[in-house]
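A.B. asks: Quick one, what's the 3D model for this:
(chains A, B and C)
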Amino acid sequence: MKQFFIFVKKEWLHIWRDKRTLFILIWMPIVQILLYGFALTNEVKNSKIAIFDEAKDEASTTISQEISASRYFNLLKNVDSYKEIEATFRQGKIRLAVVFPRGFRNDLLHTNHAQIQLIADASDPNTANMLTNYATSIINDYQQSINQNEKLPYTIKTQVRMLYNPELKGAYNFVPGVMALVLMLVCAMMTSISIVREKEMGTMEVILVSPLKPFRIIIAKTIPYLLVSMLNIASILLLSVYALDVPIRGNLGLLIGESILFTITSLSLGILISNTAKTQQTAQFTSLMSLFLPTLLFSGFLFPIENMPIALQVISNIVPAKWYYIIVKDVMIKGLGFGAVWKETMILIVMTLALLGISIRNFKIRLA
Amino acid sequence: MQKEKVITANELTKRFGTFTAVDKITFEVDKGEIFGFLGANGAGKTTAMRMLCGLSLPTSGLATVAGYDVYKQNELIKKNIGYMSQKFSLYEDLTVRENIQFYGGIYGLTDERIKEKTDLLLKQLQLEEAGKKLVRALPLGWKQKLAFSIAIVHDPAIVFLDEPTGGVDPITRREFWSLIYEASERGITIFVTTHYMDEAEYCDRVSIMVDGRIDALDSPANLMRDYAANSMDEVFLHLARKAVRSE
Amino acid sequence: MQPVVVENIVKTYPTKKTVVNALRGISFSVDPGEIFGIIGPDGAGKTSLFRILTTLLLADSGNAFVDGFDVVKDYKQIRNRVGYMPGKFSLYQDLTVQENLEFFATIFDTTIQKNYDLIKEIYQQIEPFKNRKAGQLSGGMKQKLALSCALIHKPSVLFLDEPTTGVDAVSRKEFWEMLHRLKEQGISILVSTAYMDEASLCDRVALILKGEILSINTPKGVTDEFKNPLWAIRADEMFRLMNAIKADPSVESCYPFGQYHHVVFKTHENNKEKLEQITQKGKYTSVEINSIKPNIEDCFMALMKE
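C.D. replies: Take a look at the predicted model:
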């Protein structure tokens, strides 16, 4: 029995003295609970909306106020035309638009029927569903309140239009997200592991003592993963189109170009990590913790960014995947052109150049 | 008076499928002897040693260690032997004292005895100030000496040393062998494998394994005379060149 | 021009609590076409030295030149022309023998055919396995492959860091035979080892311990420098004998050396008599006493104590 306990004591000492493992065992659960409890949520709050009020009467104004006051919604602006609604959706500024037809209150009083149109950005079908549900329930509440003392009930019907994704296919949302994840994983993690493996095996020593320029060593290490990524993008797109019925509405060339850009961003992140990691294990761990996980959490496809606390929203800005996800959704699902995504593209380009610059400058031409 | 036999092996064999790693080896080791078990990598040394330590069941043949049968009593064998290898012996992230206490506990020593032994070992190895240091911080030579002392902390009948020394400076290596001499003097039998042929010369008798068989078994002096060699290195080269198997 | 010149190289590694002095001011030079051995145990600084000379590490201070090129300023030229075989013979485990060789030939801008006669003797021993993955070779074969890869571009200087560690005795012997044949081709070789007996196979050696050079000389020169009288003694009761001898005040040191103990006396007088006295007093059996010449290990140990 004593032998058993001394073994337990030894195991305890091992854990306590391995700081990295300790971090994972004790801090990670805490961080996770805080993140998932407070920050990341599927619950929709403060979603930006627009209201197109053609009626401008007592009823429409009251309903508009109710909607704006709700914690689910944040009125971005009042618009004056369908064109403006479309443009605002294209810019990705709103998730929902509420349209009151002309003579709304009149219709209600004279025919006991009226309609309100809800237009939602269904490229993220879950959010779109929830938003239309919330809006509908607010409208129903109003309907109930005016039905209090009436013999003949008033009915307000909501007509819902789901933009970009009328069938509310989940694939429309997660395909762009998966593309970001896959590229980040393959390029960043595999590149860093490949470079570090060379160091671990000892062959890095030998090839450094050769005419091969270190710069070329890195490029040579990244090219296979560039090609593999292209293959992956191709297969994801083919499967999406033919097996999942997800369309590519925009320019295919643009989509591929942006994907190549993001691939290079991921590759340079991989090189950056490999510069400091000494073992493959460290490279893998660092890639997962600092790249894969943030991509998963902050790209926006799993947890809408506007639902996060401000601090996390700011952090999401430095996650390259966030920008790529927006680009892919805009081009692939919304069918938009370069004009709509040039800002995000610029951001990615700047990030890539900065990362490439740092990682190449830091690449060690010596062992230490 | 006949010397007590600490190890007996009779046609001991281990097969893995069609591959015969250890091929009917027969030998005996006396109490207090320093017995060298030599052979190239792949010759079958490690496999043979595992059978003797109770870690692996033989395919056929007989063997006893410390009087216990390797087939039926391997738990008793494990209680009565010590083991040290170059690849692993001490926990780097535990202190010197903690290692001694741990192994003492595992071998079933009483708390008093552990305390006694700890003080004794630290003094013997001149590690009194290093008791609370992590093993990781010790130089290689000290680690080796400490590992050996811990391997015999429970005064086993026999201690198995698997390639125990490597790369340390010559003086430290000899201090290590002095510890071995001292243990042998106390009646502990030493079973050591090594590929440093000059260390073979410290042994009372050596056996040389080639392709799973024992091709030579005698004292170093006799072997050198029989093969007209000036060193064990030459004896070994003579036998190893015939080998069919390499790792 | 000397292929390798080392002037007062110092290298330290800072750790969390202290500083490790890996090299404390090392100086030596290698003559053209010689096999120069760096002999010392683990931790002596051999690998740090090799990495500095092959431009993989920067020394804290001091200068070093390979083929006349400065290891810091002209590192590119050095990397183009030396052959390097680090410990653990770095080969690509999942590439075949042939693929490894082609890779190294190509990055040195040459082909296997061009310098084939340089590696022919070595390569022929592993040629039957040329399609086997390097990871599946035995230690001895890996060693030969790594040597071939280091030679394939006909380097002027060859740096071999512990090439025989962990390799079986037969391969070790063959390896040194190969080195001697390479010497005939005019290649200068700097080789490190922890095996003291390999020192005698070099033209000159530097004995190194804890970052300092104890002696630089030909193997014979090293043993000639050993001034104290050396005796070998054995008996059936080795441990008791050793303690008894060590207790004698005229004894400088007594160490086990396998079948015999080597005893170093402080002076040249009456040493045999002293040993006989000890053995007679203590009742030893099968006693043998000889006066012997020191080998490299005896010298190394004596130098260690100074």
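A.B. asks: C-alpha from now on. contacts and neighbour counts both.
C.D. replies: OK.
A.B. asks: Show me which residues of whatever helix or strand residue B:182 lives in are buried.
C.D. replies: For residue B:182, the element it lies in under DSSP states H and E is helix B:170-185. When burial is assessed from 16 or more other Cα atoms under 10 Å in any protein chain shown, helix B:170-185 yields the following buried residues: B:170-181, B:183-185.
A.B. asks: right, is the following helix or strand past it up against chain C?
C.D. replies: Using DSSP H and E, the helix or strand that follows helix B:170-185 in sequence is strand B:189-193. No. Strand B:189-193 lies apart from chain C when judged by Cα under 8 Å from any Cα of the partner chain; the minimum separation is 13.7 Å.
A.B. asks: now swap in stretch A:13-24 and tell me
C.D. replies: No. Shown here: stretch A:13-24 not in contact with chain C (Cα under 8 Å from any Cα), separated by at least 14.8 Å.
A.B. asks: ok, so what distance separates residue C:169 from chain A?
C.D. replies: Distance, residue C:169 to chain A, by Cα to the nearest Cα, to the nearest Å: 24 Å.
A.B. asks: again with residue C:137
C.D. replies: 16 Å.
A.B. asks: what about the closest residue to chain B within the stretch 101-250 of chain C, neighbour count?
C.D. replies: Proximity of the stretch 101-250 of chain C to chain B (Cα to the nearest Cα) peaks at residue C:138, 5.2 Å away. The number of residues packed near residue C:138 is 15, by other Cα atoms under 10 Å in any protein chain shown.
A.B. asks: Can you pull out the low-pLDDT segments for the chain?
C.D. replies: Chain wasn't specified; assuming chain A. Residue ranges of chain A with pLDDT under 70: A:368.
A.B. asks: oops, I was thinking of chain C
C.D. replies: For chain C, applying pLDDT under 70 flags no range at all.
A.B. asks: Let me see the ranges of the strands in it.
C.D. replies: Along chain C, the segments classed as strands by DSSP state E run C:4-14, C:19-30, C:35-39, C:61-66, C:69-70, C:82-85, C:157-161, C:188-193, C:204-209, C:212-217, C:230-234, C:251-257, C:260-265, C:288-291.
A.B. asks: partners of the shortest one in the sheet?
C.D. replies: In the sheet containing strand C:69-70, its partner strands are strand C:61-66 (antiparallel), by DSSP bridges.
A.B. asks: among the strands of chain C, which is nearest residue A:190?
C.D. replies: Closest approach to residue A:190 among the strands of chain C (Cα to Cα): strand C:82-85, 27.5 Å.
A.B. asks: That closest one: which residues count as buried?
C.D. replies: C:82, C:83, C:84, C:85.
A.B. asks: Make JSON lines out of those residues and add distance to residue C:228.
C.D. replies: Shown next, in JSON lines, are the buried residues of strand C:82-85 (distance: Cα to Cα, whole Å):
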{"residue": "C:82", "distance to residue C:228": "41"}
{"residue": "C:83", "distance to residue C:228": "41"}
{"residue": "C:84", "distance to residue C:228": "39"}
{"residue": "C:85", "distance to residue C:228": "38"}
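A.B. asks: Among those, which ones lie close to chain A?
C.D. replies: Contacts with chain A within these, counted by Cα under 8 Å from any Cα: C:82, C:84, C:85.
A.B. asks: Which of those residues sits closest to residue C:188?
C.D. replies: Comparing those against residue C:188 with Cα to Cα places residue C:82 closest, at 10.1 Å.
A.B. asks: Which strand residues bridge that closest one?
C.D. replies: residue C:157.
A.B. asks: possible to save the strands of chain C as a markdown table with distance to residue A:176?
C.D. replies: Below are those laid out as a markdown table (distance: least, Cα to Cα, whole Å):
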| stretch | distance to residue A:176 |
| --- | --- |
| strand C:4-14 | 48 |
| strand C:19-30 | 52 |
| strand C:35-39 | 60 |
| strand C:61-66 | 55 |
| strand C:69-70 | 54 |
| strand C:82-85 | 48 |
| strand C:157-161 | 51 |
| strand C:188-193 | 56 |
| strand C:204-209 | 61 |
| strand C:212-217 | 62 |
| strand C:230-234 | 81 |
| strand C:251-257 | 72 |
| strand C:260-265 | 77 |
| strand C:288-291 | 85 |
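A.B. asks: for the closest residue to chain A within chain B, what are its contacts?
C.D. replies: Nearest to chain A, among the residues of chain B, is residue B:106, at 4.9 Å (Cα to the nearest Cα). Residue B:106 makes contact with A:3, A:4, A:6, A:7 under the criterion Cα atoms under 8 Å, 6 or more residues apart in numbering or on different chains.
A.B. asks: Now do it against residue C:21, distance only.
C.D. replies: From residue B:106 across to residue C:21, the span is 38 Å (Cα to Cα, to the nearest Å).
A.B. asks: and the stretch 1-150 of chain A, which residues reach chain B?
C.D. replies: Neighbours of chain B within the stretch 1-150 of chain A, by Cα under 8 Å from any Cα: A:2, A:3, A:4, A:6, A:7, A:10, A:13, A:14, A:17.
A.B. asks: Which of the residues you listed sits closest to chain C?
C.D. replies: Nearest to chain C among the residues of the stretch 1-150 of chain A next to chain B, counting by Cα to the nearest Cα, is residue A:17 at 15.4 Å.
A.B. asks: For chain B, just list every one of the helices.
C.D. replies: All helices of chain B, identified by DSSP state H, fall at B:45-52, B:74-79, B:96-106, B:111-124, B:140-151, B:170-185, B:197-200, B:220-226, B:232-240.
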